[in-house]
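sequence isn't available, so here's the structure alone:
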């Protein structure tokens, strides 16, 4: 058994899925799923029932046996965001640990979006060509819908909406028997949830293509003739499906398309959602993809293992997501770019001093990008506003802990300073506290180098001397304000790294 083979397990709203993948070649050795209706419990009662926990444990034990047969030792086990919506999710997580020995890792909405986007970028045929014109990726899970926009072959932005078909059905199930125009009411409900997403779309971009993936795929495979992987959105395609579904009884859908009761409940909200998006955006073609969250986990695992079989840049979409957030809150682009440049230069040239790695460098780059978004609310103590805005936003690809770290680094980039014993960061473990302190210190220095907001400093040379860190700036104007600012903000740098930092400047003539 090759060391490269790894197991992946996802507990979703309707099933427990798994795969065994060779990360060197990205060949899937084994893949399967066990139906467990976790979502029906969560969306109806907001907690996972005892018999559902038993079913989860049985599914995980069956998967364990399959992994053992293949000799797989390393396994990544995650719970979807829907799973953690249950009020007793932490209790269930502990029960799973005690009964199976497997620790379930949580996924944030932004992580799920990131993994699905990675799956599409890496595996969807000719995706770069398809997305040269506006393309909307629609990932429909039982509890939520992730809408991701691509323009000119590049990721645009992503938005998660809590209008997954099973959730919509559970929320509106009491109306089905009490109102005569149930389809119209559901359509209005879905439209009301789409308003914010539509408002974020660029006004001058057309989205002729939509790519559908996720749990909705199984529904469309039964509604679309065998062998077809795209649906035209004219009267012979999606319109025909929409007309049939909105006028059919549950019994007809069950009998004609061989659907389970759970699938029948999701047909109407799924078709309504896709239909309303297509008609609102005047899309022309709907692509069907069988890619899932599991595929994204495999891609991420391969990237982490340094596999040459995956060529995509895993950080690109994360950074675009951060830039989009900064743009939404009208951050000064010139100052932002200057701060990012200096922060990364300091990080790269002081590696021997801070001892941090590539992931921490990414967190610094994100924090430097979004640290000033609080000024949109109020320039007075803007760093405090930045903190809570970052925590409340969707930054693609970050864990919950990493997003909290970025928010804290942004908070301490300005005049606010963490206590020297880091006791005000007691919600973080000791390692994260130290990383936050080091990155905050670097960001404070980088921000100081453009204190005038006029980009006077064109370039810096960083020298790590025995008794200090010396920054030599090439500038196009006097940098006395930057030097004075650094003397104040550099005090925290000296406290963290044990060396003072000094700026010398020479004006370029």
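Structure's in. What do you need? Every value quoted in this text rests on a predicted model; they were computed, and no experiment measured them.

check which helix or strand covers the residue lying closest to residue 474 once chain neighbours are set aside.
Leaving aside its sequence neighbours, residue 474 sits nearest to residue 459 (Cβ to Cβ, 6 or more residues apart in numbering; 4.6 Å). Just so you know, the C-beta spots here come from the backbone N, C-alpha and C atoms, and that holds for glycine as well. Using DSSP states H and E, residue 459 sits in strand 457-464.

any idea which helix or strand comes after that strand?
strand 469-475.

return the distance of the helix or strand in which residue 408 is found from the chain's centre.
Using DSSP H and E, residue 408 sits in helix 400-411. Remark: helix 400-411 is offset 15 Å from the chain centroid, using Cα atoms, centre = their mean, to the nearest Å.

run through who's touching the helix or strand just after it.
Proceeding N to C from helix 400-411, the next assigned helix or strand is helix 430-448, under DSSP H and E. With Cβ atoms under 8 Å, 6 or more residues apart in numbering as the test, helix 430-448 has contacts from 339-340, 342-343, 346-347, 350, 354, 356, 360, 363-364, 367-368, 371, 401, 405, 408-410, 412-414, 418, 422, 425, 428, 471, 482, 485-486, 489-490, 492-493, 495-497, 501, 503.

and if you look at stretch 300-316?
So stretch 300-316 is contacted by 4, 6, 8, 21, 23-26, 76, 115, 118, 121-122, 155, 299, 362, 397 (Cβ under 8 Å, 6+ apart).

quick check: phi and psi at residue 264.
phi -60, psi -40 (degrees, to the nearest 10).

tell me how many other residues crowd it.
Using other Cβ atoms under 10 Å, residue 264 is surrounded by 19 other residues.

surely it touches residue 250?
Yes - look at residue 264 against residue 250 with Cβ atoms under 8 Å: they come within range, at 5.1 Å.

and for residue 212, nearest residue in space, chain neighbours not counted?
Excluding the flanking residues, the one nearest residue 212 by Cβ to Cβ, 6+ apart is residue 138, at 5.2 Å.

for that neighbour, name its beta-bridge partners.
Note on residue 138: beta-bridge partners by DSSP bridges are residue 147, residue 212.

OK, contacts around it?
145, 146, 147, 210, 211, 212, 213, 214, 216, 273, 274, 277.

what does residue 313 show for phi and psi?
With angles defined as degrees, to the nearest 10, residue 313 sits at phi -90, psi 110.

and for the residue lying closest to residue 376 once chain neighbours are set aside, the neighbour number?
Closest residue to residue 376 apart from its sequence neighbours, by Cβ to Cβ, 6+ apart: residue 329 at 3.9 Å. Residue 329 has 17 neighbouring residues, counting by other Cβ under 10 Å.

shift numbering so it begins at 855
Fine by me, first position is 855 from now on; the one you just mentioned is residue 1183.

and residue 1183, how far from residue 956?
40 Å (Cβ to Cβ, to the nearest Å).

residue 1136 too?
47 Å.

centroid residue for this protein?
residue 964 (2.2 Å; Cα atoms, centre = their mean).

tell me which helix or strand that residue sits in.
Per DSSP H and E: helix 963-977 holds residue 964.

got a list of contacts for the helix or strand following that helix?
Remark: after helix 963-977, the chain's next helix or strand is helix 981-984, criterion DSSP H and E. Helix 981-984 has contacts (Cβ under 8 Å, 6+ apart) with 974, 975, 978, 1007, 1063, 1065, 1141.

pretty sure the last one belongs to a helix, no?
No - counting by DSSP: H, G, I helix; E, B strand; the rest coil, one finds residue 1141 to be strand, located in no helix.

what's the closest non-adjacent residue to residue 963?
Nearest non-adjacent residue to residue 963 (Cβ to Cβ, 6+ apart): residue 1014, at 4.6 Å.

what sits against the one you found?
963, 967, 998, 999, 1000, 1001, 1248.

what about residue 1292, how many neighbours?
By other Cβ under 10 Å, neighbour count at residue 1292 equals 22.

roughly how far does it sit from residue 1299?
11 Å.

again with residue 887
For residue 887, the distance to residue 1299 - Cβ to Cβ - is 50 Å.

can you check residue 1314 too?
Where residue 1299 is concerned, residue 1314 sits at a distance of 10 Å (Cβ to Cβ).

ok, residue 1007 next?
Taking Cβ to Cβ, one finds residue 1007 at 36 Å from residue 1299.

more neighbours: which of these two?
residue 1299 (27 against 13).

before we move on, back to that, got the contact list for the strand holding residue 1313?
1192, 1196, 1199-1200, 1203-1204, 1206-1207, 1303-1304, 1323-1330, 1333, 1336, 1359, 1362.

do the same with stretch 935-949
Applying Cβ under 8 Å, 6+ apart, the set of residues contacting stretch 935-949 is 865-867, 892-893, 895-896, 900-902, 907, 910-911, 933, 958, 960-963, 966, 995-998, 1018.

from those residues, which land in strands?
If you go by DSSP state E, these have 865, 933, 960 in strands.

out of those residues, who's the most crowded?
Neighbour max across the ones in strands among the contacts of stretch 935-949 (other Cβ under 10 Å) = residue 865, 25 neighbours.

contact partners for the residue lying closest to it once chain neighbours are set aside?
Spatial nearest neighbour of residue 865, excluding adjacent residues (Cβ to Cβ, 6+ apart): residue 933 at 4.7 Å. Going by Cβ under 8 Å, 6+ apart, residue 933 touches 864, 865, 943, 947, 958, 959, 960, 961.
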